[in-house]
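1. need coordinates for the following:
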Amino acid sequence: MTIQFEGWPKTTRFKDVVYTEKIDGTNAAIVIDIDGDEFGAQSRKRMITPDNDNYGFAGWAYKNQIELSDLFGHGRFFGEWWGKGINRGYGIDDRRFSVFNTGRWAADTGSMDPIEIGGVLVGPVPVLDVHTLDFDLIDHLMQDLRDDGSKAAPGFMKPEGLCVYDTQAGHVKKVTFEFSNGKWDK
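-> Residues are numbered from 1 along each chain as shown. You can find the predicted model right below:
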């Protein structure tokens, strides 16, 4: 046996880190094959259908699959299905789908504004900042969320926290609040 060379992978820099609000709903995705012939919906752990659903996401997605396919094209589009009756609820009377890939949303739609599809607002999670990795900035953004509340649902004063997306590595990390005894804690 001859030992084979294996090089160390290129070390990327923290550059263009995207800070977004973390929304407390349920993970969901729209799945569209490259030909547009097959359409699906999923939760974090399984494929879902209108008959085997997750908070009504698959029912809504399948009912609106033509509009969603026109909007997204092909691929797998992860996001948060949130609002009335799902986890924190955010004090709203409807449900929303907020996609995680804010850069693709902006490129595909030419805007960061949400679009209404089948009675549901579909748009990107709120971008709080784009910067290099900066722990002081993370503390500042968390303080803003604590003081001003959710950017996704203005007026809702118990946001979950934020996500930090490293565009070079393609990794996401979260920073969340804990709420107990009437006090916020990180």
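2. who's the nearest residue to F78 once chain neighbours are set aside bridged to?
-> Leaving out its chain neighbours, the residue that sits closest to F78 by CB to CB, 6 or more residues apart in numbering is A29, at 4.6 Å. C-beta coordinates here come from the backbone N, C-alpha and C atoms, glycine included. Assessed by DSSP bridges, A29 has beta-bridge partners Q42, F78.
3. for K10, see how far away A29 is.
-> Noted for A29: a distance of 29 Å to K10, by CB to CB, to the nearest Å.
4. then L141?
-> Distance from L141 to K10, by CB to CB: 29 Å.
5. again, but for D70
-> Going from D70 to K10 by CB to CB gives 38 Å.
6. ok, these two, which is more surrounded?
-> When D70 and K10 are compared for neighbours, D70 comes out ahead with 10 against 6, by other CB atoms under 10 Å.
7. in a helix, the more buried one, correct?
-> Yes - residue state for D70 (DSSP: H, G, I helix; E, B strand; the rest coil) corresponds to a helix.
8. give me the neighbour count for W82.
-> Counted by other CB under 10 Å, the residues lying close to W82 total 27.
9. just the element for M142, please.
-> Using DSSP states H and E, M142 sits within helix 135-148.
10. packing partners of that helix?
-> strand 17-22, strand 127-131, strand 161-166 (3 or more CB pairs under 8 Å, 6 or more residues apart in numbering; DSSP states H and E).
11. quick one, that helix and strand 17-22 angle?
-> Going by axes from the mean of the first three to the mean of the last three CA atoms, to 10 degrees, helix 135-148 is angled at 20 degrees with respect to strand 17-22.
12. quick revisit: do you know which of the helices and strands packed on helix 135-148 lies nearest W60?
-> Smallest distance to W60 across these (CB to CB): 21.9 Å, for strand 17-22.
13. who does the closest one pair up with?
-> strand 127-131 (antiparallel), strand 161-166 (antiparallel).
14. which of these sits most buried?
-> Comparing the strands paired with strand 17-22 by mean neighbour count (mean count of other CB atoms under 10 Å), strand 161-166 comes out on top with a mean of 21.
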